[in-house]
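A.B. asks: here is my input; please provide its structure:
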Amino acid sequence: MPARSPYTGPFRKLVLAFDIGTTFSGISYSILDPGQIPEIKGVTRFPAQEHVGGDCKIPTIIYYDNDGNVRAIGAEALKANLASMVEEEGWTKAEW
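C.D. replies: Presented below is the predicted three-dimensional model:
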């Protein structure tokens, strides 16, 4: 793999990369500083997975309420106590 070149832009930037998979998804990021060689880092901690260290993937599941608002994502959507809320409030489950 060729060496990365220093970032030549005039301003600091945050770059996010999303890998949306059919079962699991992941996120990587890089903070671009002018004149610095970018370093790509993976997100390894997600809500409802605080007890697990180093996981770089989350389940590809999202629950929406009847107004289209996101109610639960990833590991949060797999919590055992969520099933009754989903049924009572009529949430819609989106998974790939």
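A.B. asks: every contact and neighbour count from this point should use C-alpha atoms.
C.D. replies: Noted.
A.B. asks: just for this protein, where's the confidence low?
C.D. replies: 1, 49-55, 96 (pLDDT under 70).
A.B. asks: can you map out the helices along it?
C.D. replies: Assigned by DSSP state H, the helices in the chain fall at 82-89.
A.B. asks: got the residue ranges for the strands in this protein?
C.D. replies: Here the chain has its strands, by DSSP state E, at 13-20, 24-32, 41-42, 58-59, 61-64, 70-73, 92-95.
A.B. asks: show me what the fourth one is packed up against.
C.D. replies: In terms of contact count using 3 or more Cα pairs under 8 Å, 6 or more residues apart in numbering; DSSP states H and E, strand 58-59 is assigned the packing partners strand 24-32.
A.B. asks: quick one: contacts of the strand it packs on?
C.D. replies: With Cα atoms under 8 Å, 6 or more residues apart in numbering as the test, strand 24-32 has contacts from 7, 12-20, 38-43, 56-60.
A.B. asks: what's around the spatially closest residue to residue 20 that is not a sequence neighbour, how many residues?
C.D. replies: In space, residue 20 comes closest to residue 26 once its chain neighbours are excluded; the distance is 6.7 Å by Cα to Cα, 6 or more residues apart in numbering. Other residues lying near residue 26 total 19 when counted by other Cα atoms under 10 Å.
A.B. asks: ok, the one 3 residues further on next?
C.D. replies: Residue 29 is surrounded by 16 other residues when neighbours are defined as other Cα under 10 Å.
A.B. asks: kind regards, and thank you for your time.
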